[in-house]
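**Q** How does the following fold in three dimensions:
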Amino acid sequence: MPEIKPPGVYKPEYAVVANTITEADTAVAAFIGYTQKADNVDGSVCNRPWLISSLAEFERVFGAAPTPHFSIEEKPSTAGEKPAFSLDGRDYWVHQSEGKAGGRYLLYYGIQLFFLNGGSTCQVVSVGNYDEDVSAEALTGGLDALAGEQEPAMVIIPDAVLLDDPACQAVQRACLRHCGETKSRFALLDIRSGDRNRNHPDGDCIERFRAGIGDTYLSYGAVYYPWLNTTLAAETDIGHRNIANPDTLATLLHRERTLDGARSRKSTGFPRARGGLSSKPLFDEADALFGKGGFSDEAIATSPLYAALLRACRARLAVLPPAAALAGVYARMDGERGVWKAPANIALHGVESPAVAINDQQQADLNTPKDSKAVNAIRTFAGKGTLVWGARTLAGNDNEWRYVSVRRTAIMFENTILRACQRHRSRPNDAQTWTLVKHEIEHFLTGIWRRGGLMGATPKEAFAVLIGTGSTMTAADVASGLMVVNVMVAMTQPAEFIVLSIKLRMEQAQS
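**A** The predicted model follows:
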């Protein structure tokens, strides 16, 4: 016959076997930026984190890619730069304006790179649409929207590099601060103007970044250089309607036709001008360039100048910052090998080449700078493709936190253990609870050690869990309901431990 207890009398029961601790997800990325729309069936999701798992799902809620607009400019050649095309001895470039004027927004393409490189789940915070200029205040507001979210383990703000240097740096410092204060996520940053060589006439983009990023929370972020020549811009993405100054295009096409006609009338060969002018008339009528719908597609389809122009526009559109692709790489490696695997020596997908070639000497300054602000290189190697060739946090000279894998593993440990401890908040802050918590954490860390996530020949060499009066708590702590757990883990060498301190206020102290 079961024992019957009088009302108000309770007997606490504790599990004899430790509960299983679920490892905190490290592969969920949070993207902040501008989208075509931000609407779900329930209404607007602007400035609300929204979970997606595919590009199709992103397009359903946030819309399509921005419509780019390019301007044709004639200017003298700049050292290291090649013109888009040349006509009659003159050089021409194409330029895409940033923000709404040029349809220059980067979030959509970042989402593409994330999924192409192995990402599976991400949260998106849309802070505005394509009718708005990119704003530092709006982007940092997106960080505030993430404050109450538990899922994201990475934060990426692709559109930050569209701002000027001070505004971009302010957003990136805010991103690092957000990650460092929450202690639950890692920032992936981009170098503004990272498609340029460091000896560009406008200055060294790396030194500008280092000077403006600040000195706090550096171990909670990483940055990569250079930008990437991607394969995302298809031939059908660009046409004459993407040209912001069509009058200039019309003038150039007329000039090409005039020159070509003059050549075709000569009985001897006429040397072709740079840009690849054809030897037969392009247009039967000058008016064929125009019509109710703008330029005639049929009339300009055979123009070498027009073909060169579109190639240049597509190439410029396809040059993208790398942080979003790296978020996909992080997510892929976390799933295949674990968060403790360094995300380096890994090929990037959807990428033709780095926008800037880097040699060994140049990489040395990027990886191990005197000021500690390490920049990870992206390089191309024969037969291997474009590889991520660095895995350092911005705190490149920090003995404990110089490596991305170490910081991200520590974040995972802290989040996992804290959430596990929170299950016991309603229990007494006594030795029985401490023993149960200790066994649960040891069971979890043993599983990580068996998977290769901790170093050491035995679990005792790999980690230690301390909890109790005289070791992690005083009698006053216990009386006030404060439970403190210290976890020592060997993530770099067996002789070097990183100590994680987990503090939890028990509910018993609040009653």
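**Q** hey, let's count contacts and neighbours off CA atoms from now on
**A** Fine.
**Q** Next, the buried residues of stretch 393-404.
**A** 393-397, 400-404 (16 or more other CA atoms under 10 Å).
**Q** swap in stretch 361-380?
**A** Buried residues in stretch 361-380 (16+ other CA under 10 Å): 363, 366-368, 372-380.
**Q** same thing with stretch 28-43?
**A** 28-38.
**Q** For that stretch, what is the distance to the chain centroid?
**A** Offset of stretch 28-43 from its chain centre (CA atoms, centre = their mean, to the nearest Å): 16 Å.
**Q** who's in contact with that stretch?
**A** 44-46, 61-66, 105-108, 119-130, 134, 139, 142-143, 151-159, 327, 331 (CA atoms under 8 Å, 6 or more residues apart in numbering).
**Q** circling back: among the buried residues of stretch 361-380, which ones are in strands?
**A** Among those, the members found in strands (DSSP state E) are 376-380.
**Q** picking up where we left off before, please render the buried residues of stretch 393-404 as a markdown table that adds pLDDT and distance to residue 427 to the earlier fields.
**A** Compiled in a markdown table, these are given as follows (pLDDT from 0 to 100; distance: CA to CA, whole Å):
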| residue | pLDDT | distance to residue 427 |
| --- | --- | --- |
| 393 | 96 | 39 |
| 394 | 96 | 41 |
| 395 | 93 | 40 |
| 396 | 87 | 42 |
| 397 | 84 | 43 |
| 400 | 88 | 35 |
| 401 | 92 | 35 |
| 402 | 91 | 38 |
| 403 | 93 | 38 |
| 404 | 95 | 36 |
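**Q** And the helices in the chain?
**A** 55-62, 107-116, 136-145, 165-182, 205-212, 246-264, 297-300, 304-317, 323-336, 360-367, 404-422, 431-450, 459-462, 475-479 (DSSP state H).
**Q** for these, which one sits closest to residue 222?
**A** Taking CA to CA, helix 404-422 is the member of the helices of the chain nearest to residue 222, at 7.3 Å.
**Q** Buried residues, the closest one. List them.
**A** For helix 404-422, using 16+ other CA under 10 Å, the buried residues are 404-421.
**Q** got it, and stretch 354-362?
**A** Result for stretch 354-362 [16+ other CA under 10 Å]: buried residues 354-356, 358.
**Q** roughly how far out does it sit from the chain middle?
**A** 20 Å.
**Q** Check the separation of the first and last residues in it.
**A** End-to-end distance of stretch 354-362 (CA to CA, to the nearest Å): 14 Å.
**Q** And the contacts of it?
**A** By CA under 8 Å, 6+ apart, stretch 354-362 touches 195-197, 226-229, 319, 377-380, 386.
**Q** What of stretch 195-209?
**A** 165, 169, 191-194, 226-228, 319, 321, 355-356.
**Q** Can I get it in PDB? Just the C-alpha atoms.
**A** Once non-C-alpha atoms are left out, stretch 195-209 reads as follows in PDB (Å, rounded to 0.1, in the frame of the first residue of the first chain):
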ATOM      1  CA  ASP A 195      38.300  44.600 -52.600                       C
ATOM      2  CA  ARG A 196      41.300  46.900 -52.900                       C
ATOM      3  CA  ASN A 197      45.000  46.400 -52.500                       C
ATOM      4  CA  ARG A 198      46.600  47.800 -49.400                       C
ATOM      5  CA  ASN A 199      48.600  50.200 -51.600                       C
ATOM      6  CA  HIS A 200      45.500  51.800 -53.100                       C
ATOM      7  CA  PRO A 201      45.800  55.600 -53.700                       C
ATOM      8  CA  ASP A 202      42.900  56.000 -51.300                       C
ATOM      9  CA  GLY A 203      44.900  54.400 -48.400                       C
ATOM     10  CA  ASP A 204      45.400  51.100 -46.700                       C
ATOM     11  CA  CYS A 205      42.000  49.600 -45.900                       C
ATOM     12  CA  ILE A 206      43.500  47.200 -43.300                       C
ATOM     13  CA  GLU A 207      45.200  50.000 -41.300                       C
ATOM     14  CA  ARG A 208      42.000  52.100 -41.300                       C
ATOM     15  CA  PHE A 209      40.100  49.100 -40.000                       C
END
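**Q** No further questions, thank you.
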